[in-house]
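[1] Show me how the following folds:
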Amino acid sequence: AAWASSAGAAPNAGAPEPAPPRPKLHRCDLGMPRPFECGHILVPKLRADPSLGTTKVTFAVRHRRDMSKPSLGTIFAMDGGPGYASTAKPYASSLIAALGPILRRRDLVLYDMRGTGLSDAVDCKALQDGLIQEPIAIGECANQLGPAFAGYTSAEAAEDMNQLRRALGLG
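    I've put the predicted structure just below:
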C-alpha cells in the first residue's frame with residue numbers, strides 16, 4: 001500500500017523477527033465522511049503460553065488526505081477504556097476532529113484493543129452489567145476466561161500494537 005513504510009522490523013535478541021503476515025484490508029464504513037480500510041490480525045492469547053491459541057485484534061486505517069506528497073508518518077490510536085472500541089464512531093470522529101490538520105499528511109490507524117469492540121470482545125455479563133460488586137465480578141470473569149485471563153494486560157496490548165505495526169509494514 002502507498003501508505004506503508006519500508007522500514008524493517010525491530011530486532012529481537014539480536015536477530016530480526018520474521019514479519020507477521022500482511023492483513024487483508026477491506027473498505028469499511030465507520031459512519032464517517034471519509035472511508036476507512038479495515039482488517040484484523042491474530043495474536044496469541046498469552047505470548048508466554050501459545051497453547052492457549054489466538055485472539056483477533058481489529059483495526060481501521062484512514063489514509064492521509066494529501067496523497068500527492070510523501071507521508072509524514074502514521075498515528076496509532078486506541079481508546080483507553082478499558083472496554084471501549086476505538087473503531088466506534090464517537091471515538092473516531094472526536095479523534096479526527098482533534099487531530100485535524102495533522103492528518104493531512106499522516107495516516108491514522110485505530111485499533112480495538114483485545115477483548116474490546118470488534119476484537120473478539122470479552123463477554124462477562126455480571127461485570128459488564130454491574131450486577132454484582134466489581135471485585136467479585138472481575139474474579140468471576142477471570143474464572144470464565146481461564147488461563148487466557150492473564151493475557152489481558154497492558155504489556156500484551158502493547159505487543160499487539162507492535163505486531164499490528166509490523167504487519168502493516170510500518171517501521
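[2] Scan the helices and strands of this protein for the one with the lowest mean pLDDT.
    Lowest by mean pLDDT, DSSP states H and E among the helices and strands of the chain is strand 11-12, with a mean of 46.
[3] Buried residues in the helix or strand hosting residue 75, which are they?
    Element membership for residue 75 (DSSP states H and E) is strand 74-77. Neighbour counts over strand 74-77 (16 or more other CB atoms under 10 Å) mark 74-76 as buried. Using the backbone N, CA and C atoms, a C-beta is placed for each residue, glycine as well.
[4] so can I have CSV of those residues showing distance to residue 132?
    As requested, the buried residues of strand 74-77 are exported to CSV (distance: CB to CB, whole Å):
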residue, distance to residue 132
74, 42
75, 39
76, 35
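[5] Adding distance to residue 45 and pLDDT as columns, could you present these in TSV?
    Shown next, in TSV, are these (distance: CB to CB, whole Å; pLDDT from 0 to 100):
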residue	distance to residue 45	pLDDT
74	26	96
75	27	95
76	22	94
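[6] Who are the packing partners of the helix or strand just after the strand holding residue 75?
    Counting by DSSP H and E, the next helix or strand C-terminal to strand 74-77 is helix 89-99. Secondary-structure packing of helix 89-99 (3 or more CB pairs under 8 Å, 6 or more residues apart in numbering; DSSP states H and E): strand 107-112.
[7] Can you give the contact residues for the strand it packs on?
    For strand 107-112, contacts defined as CB atoms under 8 Å, 6 or more residues apart in numbering pick out 3, 36, 57-64, 71, 73-78, 85-87, 91-92, 95-96, 99, 118-119, 160-161, 164, 168.
[8] and the residues you listed, which are buried?
    3, 36, 57-64, 71, 74-76, 78, 85-87, 91-92, 95-96, 118-119, 160-161, 164, 168.
[9] Look up how far residue 67 lies from the spatially most central residue of the chain.
    The centroid of the chain falls nearest to residue 111 when counting by CA atoms, centre = their mean (2.9 Å). Here residue 111 is placed at a distance of 22 Å from residue 67 (CB to CB, to the nearest Å).
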